[in-house]
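Undergrad: Show me the folded form of this:
(2 chains)
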Amino acid sequence: MTRKNKNFGSQSIPLRPRDGICGLYASSSRLSYSLSVVVLAILLLGVSTGVFVGAGDTVAEASGSAADGLAAAVIAPPELTAADYPTIAGVNGRVTVWLVAQLHLWFAAFVLAVPIFVFIIEAIGMRTRDKRYDEMAYEFIKISITAYSLTAILGGLLLFSLIVFYPHLFQYLSGVFGESMFYYALLFFAESAALYLYYYGWQWLQGGFRKWVHLTLGLLLNAAGTTLMFLANGWVTFMMSPAGVDPAGVFAGDTWAAMHNYLWNPINLHRFIANIAYGGSIVGAYAAFRFLSATRPEERAHYDWMGYNANFIAILALLPLPFAGYYLAAEIYAYSQQMGITLMGGIFAWLFIIQAVLIGTLFLSANYYLWCGMGRSDGAQRYNKFIKYLAIVIIASFLVWFTPHTLVLTNEELKVLGGPYHKYLGPLGIMPAKNTAVNIMILFTALSFLFYRRSNRIATVAWVKAGNTAQLALYTAGIANLLFLGVYHGYFTNTVYKVAASIPQVMTTLIVIVVSLGLDSAMYRGAREVAPLNWGRVPNRAQYALFLLAVAFTWLMGLMGYIRSGIRQHWHVTDVFRDNSLDAYTPTLGYAANVVSAGTILFMAMVIFIFWLSQVSSRKTPTEGFGNQAEGR
Amino acid sequence: MSTAVQKPVIPRLLQAALVIAGIYAGFWLIFDLILAQPIPQSLMVMYMFFVVSGVFMVFTFTEESARQLIAPIRALVEDQTKKTLRNVVFIVVPALAAVAVFFQLQPSDEAPLELRSIHPAPPSSVKIFGKRYDLMSLENPYRHLEKDDPEQFQELVAVGGEVYIRNCQYCHGDKLDGKGPYAQGLNPVPLNFQDIGTIAQLQESFLFWRIATGGPGLPKEATPWISSMPIWQEFLSEEEIWQVILYLYDYTGHRPRSWEHE
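TA: Numbering: from 1, shown residues only, chains lettered A, B, ... in the order given. This next block holds a predicted model:
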C-alpha cells in the first residue's frame, strides 16, 4: 500500500503575510443580527489586516525555536515547543477548542441541512399545491434562523480560540488555505443574503413566477451552504491526509491540491448525508417539544404531522449513512494503516462500540416512533401482530452490529474461552458481519415504514396478491443476497473482495427498498381508506422517541468527531506538523467520553432554549394602562 | 383503540418478564451448555439491556398494551386493597438491590478488567535490523513469487514452516491455533492465527513489525506490556521473518490485507 497524496513538491513560495485571512461565520437573526454582523466585521478586519496572526511574520519566523533550518518566507510547519502554545490561567486550551469546534459543527450541520429539506418540501408543496407543505417548510426554516446566528457566533469563537491557543497552527493553515478562507468569508455573505431573502421573502414571493423566484433562492442558499461546508472539509481533511505539501510539510503553492486531498470527498459525502439526517432529527425534537407543550387538539395534530415528516426525513437520510461511514473508514484505512488500526482495532475501538450502540439506538427510536404512529389509525391493528417479528430481526441485527471483536474478559472468562476472542461470537466482531447486520436493520426499518403507510388503507387493484407476493420474494431474495455477500466474501475471500462486497450489499438494500416502495405505491393508488388517520392521536412516548433520536444523533456526532480528529494523535497535520503542546497525548476513553457528553448536554440545552424562544416570539402581553397612548384615549 | 381488546390470559407484565427470562436462558443454554463458550459478562450486560429495551418497545407501542403492561404496577401503588403486598414489595426489592450491591462491591482476588489493545496501531516507520522501515509502504519481498515463480514460492513457504516449528509453535501451536504447549502458562494467551479476526485483517508489514520487535516493541497504547512475545530480530534474520509470514498465511489459508486486486 502506498499513500495516495502524490502531490509532494519541493517548490517554496513566499508567504504573503496578509494572506492570513481566515474563514469565519457571521450571520444574523431577529435576535442577534447586530451581534453577528459586528463579530463578522471585527474578525474579517482583524484577520485580513494580520492583527491576529502577526502581520509581517512568516510562519517559519513565528516561533523562535521554529525558525531553525527553514528559509524565511516559506510556508512550512514550524517545530514547536510547549512554550510556543499560549496559555490562559484556569482555561484548558484543548478542551476549549474541542468543545467550541464541536458546538459550532453541531449547529452548522443543522443550519446546512434544514434548507436542503425545506427546499424539497417547498417544491413538493408547489407541485401538489398543498398549502400544508409550504407552511411546514416555512416553520422549519424559521427554527433554523436563530440557530444560524448561533452558528456564526460559535464560528467566531472557534476562530478566536484557535488564534489564542494554537497561533502557529492557525498561521500555517491560513498560509496554505488563505485564498480559500477569503472566498469562504465572501461566500458566507452570499449565503446570509440568500437565507434572509429566502426567509423574509417567503410570504412576499408566493404564487406563480414569484414562487419560482423563491425556490431559486432556496437553491442558491443550498449551493452556497454546501460549498461552504466543502471548503471547511478541505481544511479539516488536509490536517488528516495532507496533500500539496512535501514530506516536511512545505506548501508547494497549489491550494487545490491541498484541498483535494485523499479524504476530502469521503468526508464531503458522509457529512452531506449525515447533516440531513441530523437536521431531520433536530426538527423532529422541535415538533415533539411543541407537541408535548400543546394545549389545543389542532396544535397537537399539526406538530404530530410535523414530527412525522421530520422523522421521515431523518430516516430517509439515515438509510444510506452506514454505507457512507463505511466508505469513509475504508478510505482512512487505505490512506494509512496506522490510522485505520487506531480507528477500529486500536485505542478507539471501544469508542466504536459505543458508536455502534448509538447507531442502533437511532434505528430503534425511529422504528418505535413508526410503530407508535400506527395507532393514529384503527386500520393499523391488522398489522400489529407483525411488529414483534420486525423487532426480533432488528434487535438481533443490532446485537450483531455492536458485538466487539476483542472482548473485555475476567481472567476466569479468559481461561474458559481459551483466548481473547470468542469462538462463535468473535467472527461477528469484524466488518462483514456488521455490514450484513446493518443492511438487514435498514431493510426492516423500511418494512416498518411500509406497514405504517398501509395502516389506514386497503389496496383495491386486482393484482394485490401478486404484488404482495412479489414484495415478499424481493425481500427474501435481498436478504439471501446480503447473507451470501457477507458470509462468502467476508470470510472466505481476501480483504479486497471483503471491502468491495459492501457495495453490492448496499445496492441490494437500496434496490429492495426502492422497488418495494414503487410496487407499494402502485398497489395503493386509489386505495380505499378503512379508517381515518387521526393526527395528534399518538402517545407521548413516541415524542420521547423523537427526543432520543436527536440526543443519540448529537452524541454520536460528538463521539465520531472526536475520533476523526483524534486519530491524528500527536500531529496537528499528520506526519508533517507535530503537536508539541502539553496536551499532545490521547486522553483516556473515559475523559473523552465525558467531554463529548458535556458538549452534548450543552448543545441540547441551547437547542431547548431556541425551541423556547420560538414559543416566546408568538406570545403577546396586553399593555393596557402602561403606554401613554392608552392614557390619552 | 376504539375496538374492544381482550384481556390477555397471562398478564402482560408477566409475559414481558417471561420473554426476557426466556431469552436469557436461551443464551445460557446455547453458549454455556451446548457450545461451552459462555458469553462474557461485559457483553451479556449489553445484550440483555437491548433485549429488555426491545421487549418493552414491543409491549408498549399500542396504548392498550402499554396500559395492560403497567396496570399491575399502578395497582400495586394505588390500590388500597394491596397494602400488604405493597409493603412487602417495597421492602424486598430494595433489600435485593442492597444484596446485589454488597456482592458486587466485595473485594476479590480477581485482577481488574483490562481494555488491552491486541492490535495496536503501528508506527509510521520503525527501526529493525539497524534499518528504518516505512511501515506504510513496506511489502513482503517474496510475495510476488506467488505468481511469478510458484515453485520457489512453495520452497520459501516450506522454509518458513521450518522456522515456525523451530521457534513459534511452542506458544502458537503446531496448528497455528494459539494452543502450543506453553500457551496455558501465558497471559495474554498467544494469538490464534486461524481466527478470521487476526492475521486475515492485517497487512504483512504489520506482522513483520510485531514479530521483529515482539512484546517490548509494543506502542504505548498497547499497555500493559505483558506480552511474552520475544524480540525476534535478535534470533531470526530478516529473510526468515518474511518467510515465516508466508507460512502463516499459507497454512491458515488466509490472505494478507491488501489494496490490490489479484
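Undergrad: residues in contact with residue A:140?
TA: For residue A:140, the residues meeting the contact criterion (C-beta atoms under 8 Å, 6 or more residues apart in numbering or on different chains) are A:114, A:117-118, A:121, A:283. (Each C-beta comes from the backbone N, C-alpha and C, glycine too.)
Undergrad: what's the closest non-adjacent residue to it?
TA: Here the nearest residue to residue A:140 in space, its sequence neighbours aside, is residue A:118; by C-beta to C-beta, 6 or more residues apart in numbering or on different chains that works out to 4.9 Å.
Undergrad: quick one: residue A:400 and residue A:433 touch, right?
TA: Yes - Residue A:400 is within contact range of residue A:433, at 5.6 Å (criterion: C-beta atoms under 8 Å).
Undergrad: Which of these two has more residues huddled nearby?
TA: Neighbour comparison, residue A:400 and residue A:433: the larger count goes to residue A:433, with 23 against 19 (by other C-beta atoms under 10 Å in any protein chain shown).
Undergrad: what's around the closest residue in space to residue B:203 that isn't next to it in sequence, how many residues?
TA: Leaving aside its chain neighbours, residue B:203 sits nearest to residue B:257 (4.7 Å; criterion: C-beta to C-beta, 6+ apart). Under the neighbour criterion other C-beta under 10 Å, residue B:257 is assigned a count of 22.
Undergrad: Which parts of the stretch 151-262 of chain B are helices?
TA: Residue ranges of the helices in the stretch 151-262 of chain B, as given by DSSP state H, counting those that start in this stretch, are B:169-172, B:204-213, B:238-252.
Undergrad: Which secondary structure elements does the last one sit against?
TA: What it means is helix B:238-252. When contacts are defined as 3 or more C-beta pairs under 8 Å, 6 or more residues apart in numbering or on different chains; DSSP states H and E, helix B:238-252 packs onto helix B:150-167, helix B:204-213.
Undergrad: do the same with the first one
TA: Where contact means 3+ C-beta pairs under 8 Å, 6+ apart, helix B:169-172 is not packed against any helix or strand.
Undergrad: Just the buried residues of it, please?
TA: Within helix B:169-172, the residues that qualify as buried are B:169, B:171-172, counting by 16 or more other C-beta atoms under 10 Å in any protein chain shown.
Undergrad: got the residues of the stretch 251-400 of chain A near chain B?
TA: For the stretch 251-400 of chain A, the residues in contact with chain B under the definition C-beta under 8 Å from any C-beta of the partner chain are A:334, A:336-339, A:341-342, A:345-347, A:349-350, A:357, A:360, A:364, A:367-368, A:371-372, A:374-375, A:378, A:381, A:384, A:387-388, A:391-392, A:394-395, A:398-399.
Undergrad: how about TSV for the helices of the stretch 151-262 of chain B, with mean pLDDT added?
TA: Formatted as TSV, the entries for the helices of the stretch 151-262 of chain B read as follows, by pLDDT from 0 to 100:
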stretch	mean pLDDT
helix B:169-172	96
helix B:204-213	94
helix B:238-252	96
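Undergrad: So what does the residue in the stretch 151-300 of chain A that chain B sits nearest to look like in phi/psi?
TA: Across the stretch 151-300 of chain A, no residue is closer to chain B than residue A:247, which sits at 10.7 Å (C-beta to the nearest C-beta). For residue A:247, the backbone dihedrals are phi -60, psi -20 (criterion: degrees, to the nearest 10).
Undergrad: again, but for residue A:297
TA: Here is the backbone geometry of residue A:297 (degrees, to the nearest 10): phi -60, psi -40.
Undergrad: Leaving out the residues flanking it, which one is nearest to it?
TA: Using C-beta to C-beta, 6+ apart and skipping the chain neighbours, the partner closest in space to residue A:297 is residue A:536 (5.8 Å).
Undergrad: Was I right to think the one you found contacts residue A:296?
TA: No - Residue A:536 lies out of contact with residue A:296 (C-beta under 8 Å); the separation is 9.6 Å.
Undergrad: neighbour count winner among those two?
TA: More crowded of residue A:536 and residue A:296, by other C-beta under 10 Å: residue A:536, with 17 against 9.
Undergrad: Now for the more buried one: which residues touch it?
TA: Residue A:536 neighbours (C-beta under 8 Å, 6+ apart): A:297-298, A:300-301, A:304.
Undergrad: follow-up on the earlier one: right, so of the helices and strands packed on helix B:238-252, which gets closest to residue A:482?
TA: In this view, the helices and strands packed on helix B:238-252 are compared for proximity to residue A:482 by C-beta to C-beta, and helix B:204-213 is the closest at 29.8 Å.
Undergrad: when you compare where that closest one runs with where helix B:150-167 runs, what's the angle?
TA: An angle of 30 degrees separates the directions of helix B:204-213 and helix B:150-167 when computed by axes from the mean of the first three to the mean of the last three C-alpha atoms, to 10 degrees.
Undergrad: what helices or strands is helix B:204-213 leaning on?
TA: helix A:337-344, strand B:125-128, strand B:131-134, helix B:238-252.
Undergrad: Any chance of these in TSV with mean neighbour count and distance to residue A:315 as columns?
TA: As requested, the helices and strands packed on helix B:204-213 are arranged in TSV below (neighbours: other C-beta atoms under 10 Å in any protein chain shown; distance: least, C-beta to C-beta, whole Å):
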stretch	mean neighbour count	distance to residue A:315
helix A:337-344	24	26
strand B:125-128	17	45
strand B:131-134	12	45
helix B:238-252	20	42
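Undergrad: Which one, of those, ends up nearest to residue B:143?
TA: Per C-beta to C-beta, nearest to residue B:143 of those: helix B:238-252, 7.5 Å.
Undergrad: chain center to the closest one: distance?
TA: Between the centre of helix B:238-252 and the centre of its host chain there is 26 Å, according to C-alpha atoms, centre = their mean, to the nearest Å.
Undergrad: ok, now how distant is the closest residue in space to residue B:28 that isn't next to it in sequence from residue B:213?
TA: Using C-beta to C-beta, 6+ apart and skipping the chain neighbours, the partner closest in space to residue B:28 is residue B:38 (8.0 Å). When distances are taken as C-beta to C-beta, to the nearest Å, residue B:38 and residue B:213 turn out to be 35 Å apart.
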